[in-house]
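Q: A structural model of the following input is requested.
(one chain, ligands or ions: 2)
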Amino acid sequence: MWQEDKETLVLGIETSCDETAAAVVQNGRYVRSEVVWSQVKRHAEFGGVVPELASRMHLEAIAKVVDLALSDAGISPSDLSAVAVTHGPGLVGALLVGVGFAKAFAYRQQKRLIAVHHLVGHLAANFVEYPDLEPPFLALIVSGAHSHLVEVSAYDRYRLIGRTRDDAAGEAFDKIARAMGLGYPGGQKLDKLAQAGTPVFDLPQTAFPDSLDFSFSGLKTASLNWLHKLEQRGEVVAKEDIAATVQKAIVDQLVSHTEAALHQSRLKKLVVAGGVAANSGLRDALFDLKARMKIEVMLPRIAWCTDNAVMIASAGYFLGQHGEFASLDLNARPVLAM
Ligand code: KG4
Ligand code: ZN
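A: Ligands and ions are numbered 1, 2, ... in the order given. Got it, this is the predicted structure:
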């Protein structure tokens, strides 16, 4: 546990996918430094993340990224209270680089080690964006591999009340963007196009009775079929309008389920996190929801929606506050429940 009156500095390390990131955060709320070394350009040549390449690039970058985070914060390793690292879920080879480095660092510097769940990390970005934010709240966590609705009743109490039964929202964005020839990273590119387009019709939605679960696979298949038909018939629909149609369908489902979850849980505060939280259509729709339901809506700045280490250091602080430290036999967990 931390000493209440002490300035607690946590070094966060994130390597679960294609960003090598390190950050120093004070008392879980204040950023002292942040470094993100993105591999996006390299993976773009292949149209998506190449796992082995990601591991190798993390291995090359990790020591420099951590050194830079410490020097930017103006501290030496001895000033740290702990090192927090993402141990899952994610690409196993990529996670192993961060976990291995964090363990060696903790051992060498005799610091405590904290294992952070990547999605708990995403949520914690909001504790830094909104220093007064406290549970309870409803969380919508939307990333490349997860679409979760979670009731957060305390810093360490999560209840999953809705999840995707097939593709995640980010995955749907990426796969449709790829079929449109937009390349990687697709979600962001599709978003940019959608901002200049108008939806042309409502794509079909899959719903499960009495459930808050998401499903994006039907909507994805309908989009791909639509693209094929347009090509076969030689019909032209502006790429901007196709993007706007797809974006509206994904956003509609995310927002309608979130609205139902807010009614069900009676929570008045909504916290949104993960890469898809950067989506302009989703941000606009949540702004409307806020006005309509008279609730509070929290969204981190764009840079803290996608992968970063500020969120890992912050989540690590709150775990440390509950005495949840890891031992040096910590392993990477590619699949890990929240
Ligand atoms: O959280 P994140 O950076 O990594 C994971 O933990 O997966 O999320 C990445 C996902 C990708 O699917 C990416 O296409 C999506 O977030 N994304 C977006 C936008 N920015 C990132 N999707 C839609 N619109 C965006 N502006
Ligand atoms: Zn992520």
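
Q: I figured residue 122 hits residue 309, correct?
A: No. Here residue 122 does not reach residue 309: they are 11.9 Å apart, not a contact under Cβ atoms under 8 Å. C-beta here means a position set from N, CA and C on the backbone, and glycine is covered the same way.

Q: So if I had to pick from those two, which one is more boxed in?
A: Legend: neighbour count by other Cβ atoms under 10 Å for residue 122 and residue 309, higher for residue 309 (33 against 29).

Q: give me every residue that touches the more buried one.
A: For residue 309, the contacting residues are 12-14, 21-23, 34-36, 69, by Cβ atoms under 8 Å, 6 or more residues apart in numbering.

Q: ok, of these, which one's closest to ligand 2?
A: Nearest to ligand 2 among the contacts of residue 309 is residue 14, at 8.2 Å by Cβ to the ion.

Q: tally of neighbours for the closest one?
A: Neighbour tally, residue 14, other Cβ under 10 Å: 30.

Q: Tell me which residues are up against stretch 280-296.
A: Residues outside stretch 280-296 that contact it (Cβ under 8 Å, 6+ apart): 142, 191, 194-195, 247-248, 250-252, 254-255, 258-259, 262, 268-270, 272, 276-277, 297, 299.

Q: Check which element follows the lowest-mean-pLDDT helix or strand in the chain along the chain.
A: Every helix and strand of the chain was ranked by mean pLDDT, DSSP states H and E. The lowest is helix 40-44, at a mean of 95. Next along the chain after helix 40-44, taking DSSP states H and E as the criterion, comes helix 51-73.

Q: re the thing from before, could you say what helices and strands the least confident helix or strand of the chain packs with?
A: helix 51-73 (3 or more Cβ pairs under 8 Å, 6 or more residues apart in numbering; DSSP states H and E).

Q: near ligand 1, anything from the helix it packs on?
A: No. Residues of helix 51-73 contacting ligand 1 under Cβ under 6 Å from any ligand atom: none, with a closest distance of 12.1 Å.

Q: ok, then the element right after that helix?
A: strand 82-88.

Q: Okay, buried residues for that following strand please.
A: Using 16 or more other Cβ atoms under 10 Å as the test for burial, strand 82-88 gives 82-88.

Q: next one: stretch 90-97
A: 90-97.

Q: would you turn the residues you listed into TSV with distance to ligand 2 and secondary structure?
A: Converted to TSV, the buried residues of stretch 90-97 look like this (distance: Cβ to the ion, whole Å; DSSP: H, G, I helix; E, B strand; the rest coil):
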residue	distance to ligand 2	secondary structure
90	8	coil
91	11	coil
92	15	helix
93	16	helix
94	12	helix
95	12	helix
96	17	helix
97	16	helix
